[in-house]
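Quick one: sequence plus predicted model below, questions after.
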Amino acid sequence: METSMARDLMTDEEWAFFERFILSVRAPNGRKPTNHRLVLDGIFWIARTGAPWRDLPEDFGKWSSVYRQFRRWTLAGLWEQIMDVLNESGAVPHALQMIDSTVVRAHHQAAGAKRGTPRQGFGRSRGGFTTKIHLLVNAAGLPMRSEITAGQTSDYLGFDLVMADNLPTPSVLLADRGYDADKIRESMDRRGVLPVIPMRKSRKKRVGVDRTLYHLRNLVERCFNKLKNARRVATRYDKTAESFLGFIDITSIRLWLRHLSTRPSYPSN
């Protein structure tokens, strides 16, 4: 157990980065966790192992307290706030970006949220009971924005969800032919973005693709593989969209911090 826990514990530098944001989130009325750092380490353990909250080792504190704090931070938008700071920091060039999606299976116990399965990002695809993750990645292969929809949702809708106006605008956007749509190409043209997207076979008017650039799209596929090292992302166990997106963002933030660990300092809020 000690070895497993050690894999999730933050370094002092990583905690110093998170602490600034955590202290900026107004605590609700009620009893505060005695150790925010330990609570966050417990959340990381759940993210990596995919274990039920009740199986959280006692070393991290009472599981229900860690879960409640995770929900408070998630609903307060803490993870999105951190992702926004990382994207705006200029620590990684944003001229080249890429977009893609992946379908993950949802555990049968994840069903049953109050607002219904479609609004929580559940659906039916060839993979069964699934959720689709839509992801925008920068030139370093780091996540910039993620959203979820029902598993059968088209990539066209996912494009509109992740290409947010508050994100740095790319000069070049890479995507597979699932994003070959007039609406997407026109949207990119209005923003002054070059779309590097192979055309569907049904297209009569052909547009060439820079294959050297397009081969860089493997960065988004590799990013998905890294995100799915967190079992709480690889399989969906969470009933609510907020909690599942929270684990995706948490895993994304840690990928950023590992990439930036060789830099003199992390971005500040």
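Nice, I can see it.

So which residues of this structure form helices?
2-6, 12-24, 36-49, 63-75, 78-88, 155-162, 182-190, 211-214, 218-227, 231-234, 241-260 (DSSP state H).

in the last one, what's buried?
Under the neighbour-count criterion of 16 or more other Cβ atoms under 10 Å, helix 241-260 has 241-257, 260 buried. C-betas here are computed from N, CA, C, even on glycine.

Where among the helices of the chain is average confidence lowest?
Lowest mean pLDDT within the helices of the chain: helix 2-6, at a mean of 54.

OK, contacts around the residue lying closest to residue 60 once chain neighbours are set aside?
The shortest distance from residue 60 to any non-neighbouring residue, by Cβ to Cβ, 6 or more residues apart in numbering, is to residue 42 (3.2 Å). Residues in contact with residue 42 (Cβ atoms under 8 Å, 6 or more residues apart in numbering) are 56-57, 60-61, 63, 66.

out of the helices of the chain, nearest to residue 142?
helix 241-260 (5.4 Å; Cβ to Cβ).

Run the angle between that closest one and helix 78-88 for me.
Here helix 241-260 points in a direction 40 degrees away from that of helix 78-88 (axes from the mean of the first three to the mean of the last three Cα atoms, to 10 degrees).

can I get the CA coordinates of helix 241-260 in PDB?
What follows is helix 241-260 as a C-alpha-only set of coordinates in PDB (Å, rounded to 0.1, in the frame of the first residue of the first chain):
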ATOM      1  CA  ALA A 241     -20.800  14.900 -15.800                       C
ATOM      2  CA  GLU A 242     -19.200  17.300 -13.400                       C
ATOM      3  CA  SER A 243     -17.300  14.600 -11.500                       C
ATOM      4  CA  PHE A 244     -16.100  12.800 -14.600                       C
ATOM      5  CA  LEU A 245     -14.900  16.000 -16.200                       C
ATOM      6  CA  GLY A 246     -13.300  16.900 -12.900                       C
ATOM      7  CA  PHE A 247     -11.100  13.700 -13.000                       C
ATOM      8  CA  ILE A 248     -10.200  14.400 -16.700                       C
ATOM      9  CA  ASP A 249      -9.100  18.000 -15.800                       C
ATOM     10  CA  ILE A 250      -7.200  16.800 -12.700                       C
ATOM     11  CA  THR A 251      -5.300  14.300 -14.800                       C
ATOM     12  CA  SER A 252      -4.700  16.900 -17.500                       C
ATOM     13  CA  ILE A 253      -3.300  19.400 -14.900                       C
ATOM     14  CA  ARG A 254      -0.900  16.800 -13.600                       C
ATOM     15  CA  LEU A 255       0.300  16.100 -17.200                       C
ATOM     16  CA  TRP A 256       1.000  19.800 -17.600                       C
ATOM     17  CA  LEU A 257       2.900  20.000 -14.300                       C
ATOM     18  CA  ARG A 258       5.100  17.000 -15.200                       C
ATOM     19  CA  HIS A 259       5.900  18.600 -18.500                       C
ATOM     20  CA  LEU A 260       6.700  22.000 -16.800                       C
END
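
could you give the angle of it to helix 12-24?
Going by the same axes, to 10 degrees, helix 241-260 makes 140 degrees with helix 12-24.

relative to helix 218-227, how tilted is helix 241-260?
Using the same axes, to 10 degrees: helix 241-260 against helix 218-227 is 110 degrees.

I'd like to check the angle between helix 241-260 and helix 36-49, please.
Using the same axes, to 10 degrees: helix 241-260 against helix 36-49 is 100 degrees.
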